[in-house]
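Student: I need the structure of the sequence given here:
(one chain, ligands or ions: 2)
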Amino acid sequence: MLKIGLTGGIGSGKSTVCRLFSEFGAPIIDADIIARQLVEPNSSALKKLVSQFGKKILNPDQSLNRAYLRDLVFSDKTQKAQLDQIMHPLIYDEIEKQIQELDCKYCIIAIPLLLETQQMQRVDRIAVVDCNADTQLLRVVSRDHLKPEQVVSIIASQMPRQQRLSFADDVIDNSGSSAQLAEQVKRLHNSYNLLATC
Ligand SMILES: Nc1ncnc2c1ncn2[C@@H]1O[C@H](COP(=O)(O)OP(=O)(O)OP(=O)(O)O)[C@@H](O)[C@H]1O
Ligand SMILES: [Mg+2]
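Tutor: Numbers count the residues shown, from 1 in each chain. Ligands and ions are numbered 1, 2, ... in the order given. Sure, this is the predicted structure:
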């Protein structure tokens with residue numbers, strides 16, 4: 001099975017592209033969904049996070065207060081590294097487990113931090129969803145109602161655009177319309193099917 005690692009900066013359009021691939025029947029493994037599922041109340045991952053960061057990261061109903069944890073680690077590199085040390089191995093283990101369960105020609109594995117975590121060897125090809133920072137900013141602000149400064153600092157904390165593009169086997173240009181995006185996904189779906197049978 002051909003494993004396509006799909007990545008891109010915040011708000012570049014990864015989830016939108018995943019939806020388009022899944023409309024063609026491609027299975028999607030999504031690191032963001034896995035990360036959320038791993039920390040459900042009473043999970044062992046959530047217990048590890050509480051023992052690392054304290055009960056202050058919990059909401060009154062014992063679920064994870066994501067916004068609090070995000071703010072906590074965003075301004076503190078050591079705490080961010082501790083969070084990553086707990087979550088990344090668990091996320092990659094679950095990704096590998098889900099890959100083993102698939103039986104298809106190709107699959108899409110969406111990993112926002114595929115390049116930052118240097119896990120490129122886990123996939124056969126890298127597809128980067130790309131648009132400029134102004135477009136990322138506009139789309140994320142209107143989607144999440146965050147302050148522009150917050151989004152600017154998240155973009156600045158991620159891999160620079162040109163460096164990310166240098167890893168791409170396939171670039172999905174998402175600076176245009178939804179229709180233009182869908183057309184590119186259709187072309188890639190056909191090309192991945194061909195590549196998988198070679
Ligand atoms: N071509 C497009 N034209 C207009 N809006 C778009 C386009 N592509 C994506 N969007 C919108 O931009 C926002 C960001 O897209 P999406 O959620 O797919 O990005 P993402 O890369 O998954 O973001 P994140 O990194 O936060 O997970 C969404 O609201 C989406 O509907
Ligand atoms: Mg997304």
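
Student: all contacts plus neighbour counts: C-alpha atoms, from now on.
Tutor: Fine.

Student: name the residue closest to the centre of the chain, please.
Tutor: Central residue of the chain (CA atoms, centre = their mean): residue 112, 2.7 Å from the mean position.

Student: isn't it right up against residue 7?
Tutor: Yes. Between residue 112 and residue 7 a contact is recorded at 4.9 Å, counting by CA atoms under 8 Å.

Student: which neighbours do these two share?
Tutor: Counting by CA atoms under 8 Å, 6 or more residues apart in numbering, the shared contacts of residue 112 and residue 7 are residue 14.

Student: tell me the first helix or strand C-terminal of the top helix by length along the chain.
Tutor: When the chain is parsed with DSSP state H, its longest helix is helix 77-100. Next helix or strand after helix 77-100 toward the C-terminus (DSSP states H and E): strand 106-110.

Student: check whether that next one comes near ligand 1.
Tutor: No. Between strand 106-110 and ligand 1, judged by CA under 6 Å from any ligand atom, nothing touches; the nearest distance is 9.0 Å.

Student: quick one: the strands in the protein?
Tutor: With DSSP state E, the ranges of strands along the chain come out as 2-8, 28-30, 106-110, 125-130, 170-173.

Student: dump these to CSV, plus mean neighbour count and mean pLDDT.
Tutor: Below are the strands of the chain laid out as CSV (neighbours: other CA atoms under 10 Å; pLDDT from 0 to 100):
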stretch, mean neighbour count, mean pLDDT
strand 2-8, 23, 98
strand 28-30, 20, 98
strand 106-110, 24, 98
strand 125-130, 24, 98
strand 170-173, 19, 98
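
Student: I'd like those strands as a markdown table, with distance to residue 66 appended.
Tutor: As requested, the strands of the chain are arranged in a markdown table below (distance: least, CA to CA, whole Å):
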| stretch | distance to residue 66 |
| --- | --- |
| strand 2-8 | 21 |
| strand 28-30 | 18 |
| strand 106-110 | 20 |
| strand 125-130 | 25 |
| strand 170-173 | 30 |
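
Student: quick one: which of those strands is nearest residue 50?
Tutor: Residue 50 lies closest to strand 28-30 among those, at 24.2 Å (CA to CA).

Student: ok, which stretches of the protein are helices?
Tutor: Under DSSP H, the chain gives helices at 14-23, 31-38, 44-53, 66-74, 77-100, 133-144, 148-157, 161-165, 178-197.

Student: tell me which of those helices sits most buried.
Tutor: Comparing the helices of the chain on average neighbours per residue, with mean count of other CA atoms under 10 Å, the densest one is helix 14-23 at a mean of 18.
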